[in-house]
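Engineer: Need the 3D shape of this:
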Amino acid sequence: MEENKGIDKNQIAGFLLIGAIILGFGWWNTKNAPEVESEAATEVVEEVATTDALSADAKPALEVEAVADSNAFVAQEVTISNAELSLTFSSAGASLTSAALADYHTYDDTAKALDLIKGNNHVFDLRLPGGEALSSKEFAVVSSSDRGIVFSDGETKVSIELAEVGYDYSFIVNGTAAASGKPEIYWERSALRTEKGISTERQYSSFVYQLTEDGDVEHLAGRGSDDSETTDPINWLAQKQRFFSLIVHPEQGFASADIATVNGGDDNEDLIKDYNATATLNQTVSGAYTLPFEMYAGPNQYQLLKTYGQGYEKAINFGWGIFGAIGRGVVVPIFNWLEGYGLGYGLIIFIMVLIIKLTLSPLTFASYRSMAKMRVLKPEIDKINEKYSSEKENVQKQQAIMNLYREAGASPLGGCVPVIVQMPILFAMFRFFPASIELRGESFLWAKDLSTYDSIISWSTEIPLISTFFGNHLSLFTLLMTASTILYTWMNQQMTPQTGSNEQMKQMRVIMYLMPLMFMFVLNSFPSGLTYYYFLSNIITFSMQWGIRKTVNDDAILAKIEAKRAQPKKESKFQQRLAEMQRQQNKNRSQRRNG
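Structural biologist: Okay, the predicted model is just below:
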């Protein structure tokens, strides 16, 4: 094959010929172009401006025309800000076009401030009875300062004032209503992704509102799925994402609201949820009116939201009933107390585990002593199992075992007490960690962000069922939690004597070992802070039980059991009454036979 060493003569000639044709066509087109009348100049410029190939000569004419049209409305954007929040409003409808949070960033950009409103994805429109919608107004900027703006079109005035510190601002509309009635608010937004775990963010994003009647805070669709409803009178309405919210709070609340959410689909991995609300204000306007709103655009930080005194903090869902009470009343105060010392969040979680475990240690010790009693009784339980080996003798076997436990003062349920007590705490933690913005972006060991999963292996191939329920990654803390749970299960089974049939025990063991694997599937995409907590909890529980076992003497326990057996058994009053009833029945039968 001949090597190509450059451009040959034929190629040079071809390029020259093409250039000559282009120059000749341009000269001919200039000489034969028709003259354009001056009054049609605007139309020509507009036509040229709409073409994809806009010539250099047409651009200046277009700019001159735009300046010459003095009647055209040109929207102005004005930005106000404090140290935490920067808001940008457009004079077209006094619409909010940007809400940038200086102290927060998206999961994949640690330099640029997180903007809750990107582009034209947000609409907040006020509609007066018989009047124009706020969005159709063409306002002029009457005045502006670092933290305030006043828009006006001569009929309607909008005053906006950002707080000196924080994420709240006032939005006040003044004007004259053409008809009497209650205004409506139309509020929609396409909430874009701000977190790594998109499925978790969608799950914890929804409309939230506070009922006027009793002050209860309700969430539209508890798991953040598609839903819609019409509310009763409410005080405020929030578009809540996992870690950030926009809140609208009219001075007199809303008479009702039609709200709906639609989850983003797999075709758009940036869209979390579409929010849509049409709400009627609980205020009648007639003639001159003033409509004041308090707004919030910021993080879902529990203590911060609580300072507003409006129940905003209840938008953070720590669970229902006792789980939510433990989360708000116990977990949050301990977490904030430790946070006040400036400790790392990995250390804070470790200390929280220690505090909870030490608090429950008396129950743990009592549970272990009960399990130790059952362990030293195992030889006798084995004899009972051998004596009543038939399936037909299961009732007699269970009665014999229960009599043995009663004589020894042991309880097969003794080991369950700490588990039962810990269950509400474990569920409270299950809701606390996914809702804690304090963990967002905080690293510990290999986990770069404790508010999301710590993947050590990831893959892009979609695997049926696995990708849907497990995800396309493997979380190391979840793996460690699973392994420690299996170890803890094995240890408990070694210390617990067999009381049922071999087949029953085999089935129970299979279930006990399957449960950690099921939790691994559930928690693989949950925050690494949560799985790290569960892992530590298992390790510390295992260590405590190992330490207790080293200090508990099985022979001493057995000696106490034998001594208790040797003591005369004192019947309770109930047992005495039963015995007396039995003697009386026997006496009556004997009398009837003799009579």
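
Engineer: Nearest residue to the middle of the protein?
Structural biologist: Centroid-nearest residue in the chain: residue 204, 3.5 Å away (criterion: CA atoms, centre = their mean).

Engineer: excluding its backbone neighbours, what's nearest that one?
Structural biologist: residue 242 (4.1 Å; CB to CB, 6 or more residues apart in numbering). No exception for glycine: its C-beta is placed from N, CA and C like everyone else's.

Engineer: For the residue nearest to the centre of the chain, give me the backbone phi and psi.
Structural biologist: In terms of degrees, to the nearest 10, the main-chain angles of residue 204 are phi -100, psi 20.

Engineer: so how far is residue 431 from it?
Structural biologist: Distance, residue 204 to residue 431, using CB to CB, to the nearest Å: 10 Å.

Engineer: Now do the shared contacts for those two.
Structural biologist: Listed contacts common to residue 204 and residue 431 are residue 317; contacts here mean CB atoms under 8 Å, 6 or more residues apart in numbering.

Engineer: still on that earlier bit, wait, isn't the residue nearest to residue 204 in contact with residue 196?
Structural biologist: No. Counting by CB atoms under 8 Å, residue 196 is not a contact partner of residue 242; they are 10.8 Å apart.

Engineer: So if I had to pick from these two, which one is more boxed in?
Structural biologist: residue 242 (26 against 17; other CB atoms under 10 Å).

Engineer: Surely that one is in a helix?
Structural biologist: No. Residue 242 is assigned coil when assessed by DSSP: H, G, I helix; E, B strand; the rest coil, not a helix.

Engineer: start the count at 71, not 1, going forward
Structural biologist: Renumbered: residue one is now 71, and that last one reads residue 312.

Engineer: residues in contact with it?
Structural biologist: Neighbouring residues of residue 312 by CB under 8 Å, 6+ apart: 264-265, 270-271, 273-275, 370, 504-505.

Engineer: Next one: it, what pLDDT does it get?
Structural biologist: The model reports residue 312 with a pLDDT of 92.

Engineer: so how far is residue 200 from it?
Structural biologist: Note on residue 312: its distance to residue 200, by CB to CB, is 41 Å.

Engineer: would you list every one of the helices in the stretch 321-470 of the chain?
Structural biologist: Ranges of helices in the stretch 321-470 of the chain, per DSSP state H, counting those that start in this stretch, are 372-376, 391-396, 402-409, 415-429, 431-446, 448-457, 464-478.

Engineer: Packing partners of the longest one?
Structural biologist: For helix 431-446, the elements it packs on are helix 487-505, helix 546-565, helix 598-621, helix 624-636, judged by 3 or more CB pairs under 8 Å, 6 or more residues apart in numbering; DSSP states H and E.

Engineer: Let's see that with 7 Å instead.
Structural biologist: Helix 431-446 sits against helix 487-505, helix 598-621, helix 624-636, with contacts defined as 3 or more CB pairs under 7 Å, 6 or more residues apart in numbering; DSSP states H and E.

Engineer: what about stretch 269-287, distance to the chain center?
Structural biologist: 11 Å (CA atoms, centre = their mean, to the nearest Å).

Engineer: contacting residues for residue 522?
Structural biologist: Residues in contact with residue 522 (CB atoms under 7 Å, 6 or more residues apart in numbering) are 265-267, 597-598.

Engineer: please redo it, this time with the cut-off set to 8 Å
Structural biologist: So residue 522 contacts 177, 265-267, 270, 597-598 (CB under 8 Å, 6+ apart).

Engineer: ok, now residue 381?
Structural biologist: 280, 285, 287, 305.

Engineer: make it 10 Å
Structural biologist: Residues in contact with residue 381 (CB atoms under 10 Å, 6 or more residues apart in numbering) are 280-281, 285-287, 305-306, 375.

Engineer: Can you tell me which of those is closest to residue 540?
Structural biologist: residue 287 (32.9 Å; CB to CB).

Engineer: Tell me how far the closest one lies from residue 498.
Structural biologist: In terms of CB to CB, residue 287 sits 18 Å off from residue 498.

Engineer: ranges for the helices of the stretch 171-320 of the chain?
Structural biologist: Counting by DSSP H, counting those that start in this stretch, the helices of the stretch 171-320 of the chain are 268-273.

Engineer: mind giving me the domain split of the protein?
Structural biologist: Domain ranges of the chain: 147-387, 397-622, per automatic domain parsing.

Engineer: out of the ones you listed, which comes closest to residue 658?
Structural biologist: Once the domains of the chain are compared by CB to CB, domain 397-622 is nearest, at 27.8 Å.

Engineer: want to throw the domains of the chain into a markdown table with distance to residue 651?
Structural biologist: A markdown table is the format used below for those (distance: least, CB to CB, whole Å):
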| stretch | distance to residue 651 |
| --- | --- |
| domain 147-387 | 54 |
| domain 397-622 | 21 |
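
Engineer: Between these, which has the poorest mean confidence score?
Structural biologist: domain 397-622 (a mean of 81).

Engineer: if I look at residue 312 and residue 266, which residues touch both of them?
Structural biologist: Common neighbours of residue 312 and residue 266 (CB under 10 Å, 6+ apart) are 521-522.

Engineer: Would you mind listing the residues in contact with residue 170?
Structural biologist: 149, 151, 154-158, 182-188, 367.

Engineer: Fine by me, thanks again.
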